[in-house]
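# could you work out the structure for the sequence below:
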Amino acid sequence: MKKTKINVGIVGLGRIGKMHAKNICQALPLFNLKTIADPAPDIEFAPNIEGVIIGDNIENILTDKTIDAVIVCSPTPTHYEIIKKCVMKKKHVFCEKPISFSEDEIKELITIKDRENIFIQVGLNRRFDQDFLMAKKKMDSGALGDIHAIHITNHDASIPPFKFLKSSGGMLFDLCIHDFDMLSFLTGQKVKEIYVNGGVFIDKRLRDIGDVDNAIITLELENGVLCSIDSSRQTHYGYDQRIELFGSKGMVLVENKKDNLYSLSDSNQTQASKINHSFIERYRDSYLNELEHFYSSIISNTSPSVGLENILSAIQVAEAGRQSMMTKRPQGVKYE
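Next up is the predicted model:
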């Protein structure tokens, strides 16, 4: 039986927007990418997505009644207004995290999408990574026994441009938001308390905007499980993303991905393959999987498994973390 194609538009043609566009055109034939809108579109990117209209006006997407869904990859401060416009035009939305820095805006979007009967999926792609899914399966099966502790390492290969950092909402709302969500996804528990100790070691300008580029974060879940996250904006040896789950019967480690697994050792040295250099390489399959899930949700008329309610919880943890960093004291997370 031939499957129905879904016509989509993309708003934002930065690094993530380009990745989604190429994925759709090269690996996701169930979508038909019609139009891309960006205030300053990179026309040189056009050969990668032959036949797609690239322009600078989102209205070309909003007024096209044949477009069923919109993938929002623009800067976070623009998400709220763009999503509202899409929903009011009866278009389903896939939006990159963290949607908004405002809890009130996210709550309003929940109300609007429910009223208009529109789906909004959030780009928390690590939920669709096969290694993390296997770790969750093992934990849910009881193979690890009672979980005692969780540790996450989250290091970028290189620090993003300062222009991006200024609008990113800070390290907790940008880089660490995935980690806060993963704790909830893996355990089914909310964070009860968080303590953040952060510092500036890479880009001194971050002090002027109240941000950090390195942080050690300790958290306690509502069931008492202890968690820690070490996070950095720059790790020269590659994109370092690991998670360890410790239980009464055993542990699970999700390691970094490498180009190959061999190593060569002699009396002078050991040579081994480096880990993936970028998060796009590391999570390539999960980016495909999350859009396939978005497609299935629309076709089956079933709410996506990851939506605004999930990112709202992660944002509330990030806000408590921000308060902790400012006061240098642990903070309870307020879920309202």
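
# and the closest residue to Gln189 other than its chain neighbours, what does it touch?
For Gln189, the nearest residue in space outside its immediate sequence neighbours is Leu221; the separation is 4.2 Å by CB to CB, 6 or more residues apart in numbering. In this view, the C-beta of every residue, glycine as well, is placed from N, C-alpha and C. The neighbourhood of Leu221, defined by CB atoms under 8 Å, 6 or more residues apart in numbering, consists of 183, 187, 189-192, 227.

# doesn't Ile16 make contact with Asp38?
No: with contact taken as CB atoms under 8 Å, Asp38 and Ile16 are classed as non-touching, separated by 11.8 Å.

# need the contacts of Leu221 in JSON lines (columns: distance to Lys84).
Formatted as JSON lines, the entries for the contacts of Leu221 read as follows, by distance: CB to CB, whole Å:
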{"residue": "Leu183", "distance to Lys84": "30"}
{"residue": "Thr187", "distance to Lys84": "33"}
{"residue": "Gln189", "distance to Lys84": "32"}
{"residue": "Lys190", "distance to Lys84": "27"}
{"residue": "Val191", "distance to Lys84": "29"}
{"residue": "Lys192", "distance to Lys84": "33"}
{"residue": "Cys227", "distance to Lys84": "34"}
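
# now, those that are in strands?
Secondary structure assignment (DSSP state E) places 191-192, 227 from the contacts of Leu221 within strands.

# list buried residues within those residues.
Using 16 or more other CB atoms under 10 Å as the burial test, the ones in strands among the contacts of Leu221 include 191-192, 227 as buried.

# from those, which is closest to Phe31?
Closest approach between those and Phe31, by CB to CB: Val191, at 34.8 Å.

# just grab the bridge partners of that closest one for me.
For Val191, the beta-bridge partners under DSSP bridges are Leu221.

# check contacts around it.
The neighbourhood of Val191, defined by CB under 8 Å, 6+ apart, consists of 180, 183-184, 219-222, 227, 317, 320, 333.

# ditto for Asn197
If you count contacts by CB under 8 Å, 6+ apart, Asn197 has them with 215-217, 325, 328.

# mind naming the longest helix for the chain?
Ordering each helix of the chain by length in residues (DSSP state H) puts helix 308-327 first.

# which outside residues touch the following helix or strand past that one?
Using DSSP states H and E, the helix or strand that follows helix 308-327 towards the C-terminus is strand 331-332. Contacts of strand 331-332 with the rest of the structure, by CB under 8 Å, 6+ apart, involve 192-195, 320-321, 323-324.

# most neighbours, which of the contacts of Val191?
Ranked by the number of neighbours (other CB atoms under 10 Å), the contacts of Val191 place Phe180 first, at 31 neighbours.

# which strand or helix spans it?
For Phe180, the element it lies in under DSSP H and E is helix 177-187.

# list the buried residues of that helix.
By 16+ other CB under 10 Å, the buried positions in helix 177-187 come out as 177-187.

# out of the residues you listed, who's nearest Ala46?
Nearest to Ala46 among those, counting by CB to CB, is His178 at 30.9 Å.

# which ones are touching that closest one?
Counting by CB under 8 Å, 6+ apart, His178 makes contact with 97, 124, 126, 154.

# okay if I get the buried residues of helix 177-187 as a markdown table plus pLDDT and distance to Gln26?
Below are the buried residues of helix 177-187 laid out as a markdown table (pLDDT from 0 to 100; distance: CB to CB, whole Å):
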| residue | pLDDT | distance to Gln26 |
| --- | --- | --- |
| Ile177 | 97 | 28 |
| His178 | 97 | 25 |
| Asp179 | 97 | 30 |
| Phe180 | 98 | 32 |
| Asp181 | 98 | 28 |
| Met182 | 97 | 28 |
| Leu183 | 98 | 33 |
| Ser184 | 97 | 32 |
| Phe185 | 97 | 28 |
| Leu186 | 97 | 31 |
| Thr187 | 96 | 36 |
